[in-house]
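>>> Everything below, folded, please.
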Amino acid sequence: MTRFTRIADSYRVRLVAGYVLVAAVFAMAWGWSLYGPLQQTALQDAQNNLTAVAQAASLYSAQTTASPREVARRLAANSDIGVTIVATDGRVLADSQGDASPEQNYLDRPEIAAALSGRIGSDKRTSATEGTRLYVAVPAVLGGRHVALRVSRSTGGIDAIAQTSRGLGIWLLLAALLIALAVATWASAAASRPIRQLSKAAEKMAAGNLTVEIPPTPADLEALASALESLRRQMRSRLGALEAEQRTLRTALDGLSDAVFLLEDQTIRYVNGAAGRIFRDPAAGWRGSAIGAVGLPESLTSVIISHIGSSVRFATELDPDPRGTALRLLVVPLEPVDDHARTLAVVSDVTERARLDRMRRDFVANASHELKTPVAGIQLLAESAETAAHDGDVRQSLEFSRQIESEAGRLKRLVSDLLDLSRLESAPAPDAVTDIRQAVDNAIAGHRGTAGRRGLSLAADLSAISGQDVFVTAEPTDVAIALDNLLDNAIAYTESGSVGIAVTTSEAIVSIAVSDTGPGIAAEHLPRIFERFYRVDRARSREGGGTGLGLSLVRHVVERSDGSVTVSSDVGIGTTFTIRLPRAV
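Numbering: from 1, shown residues only. Reported below is the predicted structural model:
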């Protein structure tokens, strides 16, 4: 909660806001009276006065024989009232202000139309020349013919009086609001002072100060003060038990980084943060939930429950589940409290250790098998060559010798790959950099002869890095190993077409794509092709002299340099391996 939110939610602020809201309601009513009824009343009085003047003028016009101009002049003499006499056809017969011309027709004026129809008409209009004026027209008789006699007056005086009244009212309104705010502030401070004192006492209690005194309060807050006093006594009585429990937990959890559950019977009373990392946090939370209702693996839950209340320590390692997750459980009995059995359960996630053990066993088995095969072949071929030599079959003896050389070369490559894997397990030099252009040129030169003998075109596309030097943070030997293995695979599995390398860059990454037009790799093999000794086509891999470690070496190279390698393949079209390495700057 932000400081602004705390202030906005405080009792005092809400009390002041209530006072101000009430004052604002009255202020709005006052403002409405200033801006609405006051001016309307003044205008109504002015209209009534003009109506009386117009009716008196109509009586005068019916008795005089003077011309319309003279009548208008006499009626408007020595006043700010304008008088206009309009014939029944709308022509202006006379205008005391001289604003109307004989060509004008006033039949479209509302007050004139009403007067010519025998009614009293009125209107208020604003013009650029005269400002706002109030008009009242009455039917009249002048010189024996019916006319409309209209009187008008400017509303400027009324507006000025209304504006003055409004200004005074607004100042009075602001003064009233300031007074209301001051009164509200004072009243809220007085009303909230006991609550603030109780709040401070509660805060000190929450901080562990159980000797704080509860201040005297008004009658309406006595219940709250009494509840705080009762709470203080209860906290004192329970503090000893809480401190003992904390000491027990600190002893049990000292030096542990695994998931720890402190159980009271089958209810979880404490759980450490590692539980949320190993298992998913339940929606209802850990504390207060039953151990069987928080979503732990059923095999783990059943073992824990079966050892609740036991007096001996118990440790076991659960079998991995179908997802490969392996857990180790330690159950430690604790001293019971209030006849409730207390148990400490420590759960360790040993999945990675189990995976590494499995990989180590598989690697040893595969490496032993891969090493045994060429050794057995060499031994058999040597015996066959010896037999052929004794029999005088020189040609067959030479053929066996050639095969011995081939198997020895395969054994050498396998040992070399194993040594490379061992070297790649260590961290690279921190200042290692490799010129990618040079590495690609060397790789192309080293494999051009093999590609030519198989009738394949081999080329590098460096157009994306034309005119620039491109270096990556990796050891030159590592990059050479990765490119050599990718080119070896591409050339070995491509019957016809081409093999190519393309280099692209961004600010932080250099991408090296090795593509071929070979048969492609089926989708079910793609997730496993970087595993050690995994072969898509085992028979063909052995015929080509492959060790089954090439792509594993590629993966180790890029991961050792904080890079990545991906593969995309279409069966019957070809395969592309893409290495991404951090760019050296």
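
>>> Assign Ala180 to helix, strand or coil.
helix (DSSP: H, G, I helix; E, B strand; the rest coil).

>>> Neighbours of it, how many?
Ala180: 18 surrounding residues under other C-beta atoms under 10 Å. The C-beta positions use only the backbone N, C-alpha and C, and glycine is treated the same way.

>>> Quick check, pLDDT for it.
We have a pLDDT of 73 for Ala180.

>>> Point out where the stretch 251-400 of the chain drops to low pLDDT.
Within the stretch 251-400 of the chain, the stretches with pLDDT under 70 are 251-257, 352-385, 388-389, 394, 397, 400.

>>> mind redoing it with 50?
364-365 (pLDDT under 50).

>>> do the same with the stretch 451-585 of the chain
Ranges of the stretch 451-585 of the chain meeting pLDDT under 50: 538-547.

>>> Next, count neighbours for Val332.
17.

>>> does it really touch Val312, like I thought?
No: applying C-beta atoms under 8 Å as the test, Val332 and Val312 come out as separate, 9.5 Å apart.

>>> Is Leu262 in a helix, a strand, or coil?
strand.

>>> Packing partners of the one helix or strand Asp478 maps to?
Per DSSP states H and E: Asp478 is located in helix 476-493. Applying 3 or more C-beta pairs under 8 Å, 6 or more residues apart in numbering; DSSP states H and E, one finds that helix 476-493 contacts strand 434-435, helix 436-453, strand 498-505, strand 509-516, helix 550-560, strand 574-582.

>>> And it, what's buried?
478-493 (16 or more other C-beta atoms under 10 Å).

>>> Likewise for stretch 308-316?
Going by 16+ other C-beta under 10 Å, stretch 308-316 has these buried residues: Ile308, Phe314.

>>> From one end of that stretch to the other, what's the distance?
Separation of the first and last residues of stretch 308-316 by C-alpha to C-alpha, to the nearest Å is 15 Å.

>>> related to what we said a few turns ago, redo the helices and strands packed on helix 476-493 as CSV? Include mean neighbour count and distance to Glu243.
Shown next, in CSV, are the helices and strands packed on helix 476-493 (neighbours: other C-beta atoms under 10 Å; distance: least, C-beta to C-beta, whole Å):
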stretch, mean neighbour count, distance to Glu243
strand 434-435, 19, 61
helix 436-453, 16, 64
strand 498-505, 20, 63
strand 509-516, 22, 56
helix 550-560, 21, 50
strand 574-582, 21, 53
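
>>> Tell me which of these lies nearest to Asp258.
helix 550-560 (27.3 Å; C-beta to C-beta).

>>> Take that closest one, keep the C-alpha atoms, and write them as CSV.
Listed next in CSV are the C-alpha coordinates belonging to helix 550-560 (Å, rounded to 0.1, in the frame of the first residue of the first chain):
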residue,chain,number,x,y,z
GLY,A,550,29.9,-36.0,-33.6
LEU,A,551,26.7,-34.2,-32.9
SER,A,552,27.2,-34.6,-29.1
LEU,A,553,30.6,-32.8,-29.6
VAL,A,554,28.8,-30.0,-31.5
ARG,A,555,26.4,-29.5,-28.7
HIS,A,556,29.2,-29.5,-26.1
VAL,A,557,31.1,-26.9,-28.1
VAL,A,558,28.3,-24.4,-28.4
GLU,A,559,27.1,-24.9,-24.8
ARG,A,560,30.7,-24.5,-23.5
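
>>> Return the angle between stretch directions for that helix and strand 574-582.
Using axes from the mean of the first three to the mean of the last three C-alpha atoms, to 10 degrees, the direction of helix 550-560 lies 20 degrees away from that of strand 574-582.

>>> Helix 550-560 packs against which elements?
Checking 3+ C-beta pairs under 8 Å, 6+ apart, helix 550-560 ends up next to helix 394-424, helix 476-493, strand 564-570, strand 574-582.

>>> what's the closest of the helices and strands packed on helix 476-493 to Arg395?
Across the helices and strands packed on helix 476-493, closest to Arg395 is helix 436-453 (C-beta to C-beta), at 24.7 Å.

>>> What pairs with the helix or strand following that closest one, parallel or antiparallel?
Next helix or strand after helix 436-453 toward the C-terminus (DSSP H and E): strand 457-461. If you go by DSSP bridges, strand 457-461 pairs up with strand 498-505 (parallel).

>>> Contacts for the partner strand next, please.
Residues outside strand 498-505 that contact it (C-beta atoms under 8 Å, 6 or more residues apart in numbering) are 436-437, 440, 443-444, 451, 456-462, 464-465, 468, 470, 483, 487, 490-491, 510-517, 583.

>>> pull the CA atoms of that strand into CSV?
Written as CSV, here are the backbone C-alpha positions of strand 498-505 (Å, rounded to 0.1, in the frame of the first residue of the first chain):
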residue,chain,number,x,y,z
SER,A,498,25.5,-29.8,-52.5
VAL,A,499,26.7,-29.0,-49.0
GLY,A,500,27.1,-25.4,-47.9
ILE,A,501,27.9,-23.0,-45.0
ALA,A,502,26.2,-19.7,-44.6
VAL,A,503,27.1,-17.1,-42.0
THR,A,504,24.8,-14.3,-40.7
THR,A,505,25.3,-11.9,-37.8
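
>>> Next, the angle helix 436-453 makes with that strand.
Using the same axes, to 10 degrees: strand 498-505 against helix 436-453 is 170 degrees.

>>> and the direction of strand 498-505 versus that of strand 509-516, what angle?
Going by the same axes, to 10 degrees, strand 498-505 makes 170 degrees with strand 509-516.

>>> separation between Glu495 and Asn105?
Separation of Glu495 from Asn105 (C-beta to C-beta, to the nearest Å) stands at 104 Å.

>>> Is it possible to get a markdown table of the helices and strands packed on helix 476-493 that adds distance to Ser302?
What follows is these, written out as a markdown table (distance: least, C-beta to C-beta, whole Å):
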| stretch | distance to Ser302 |
| --- | --- |
| strand 434-435 | 55 |
| helix 436-453 | 56 |
| strand 498-505 | 55 |
| strand 509-516 | 49 |
| helix 550-560 | 39 |
| strand 574-582 | 46 |
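
>>> Looking at these, which is nearest to Ala522?
strand 574-582 (10.9 Å).

>>> what's the closest one packed up against?
Using 3+ C-beta pairs under 8 Å, 6+ apart: strand 574-582 touches helix 476-493, strand 509-516, helix 550-560, strand 564-570.

>>> Tell me how this structure divides into domains.
38-154, 255-349, 360-421, 427-582 (automatic domain parsing).

>>> need the helices and strands packed on strand 574-582 in JSON lines with distance to Tyr135, can you?
Output for the helices and strands packed on strand 574-582, formatted as JSON lines (distance: least, C-beta to C-beta, whole Å):
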{"stretch": "helix 476-493", "distance to Tyr135": "98"}
{"stretch": "strand 509-516", "distance to Tyr135": "84"}
{"stretch": "helix 550-560", "distance to Tyr135": "94"}
{"stretch": "strand 564-570", "distance to Tyr135": "88"}
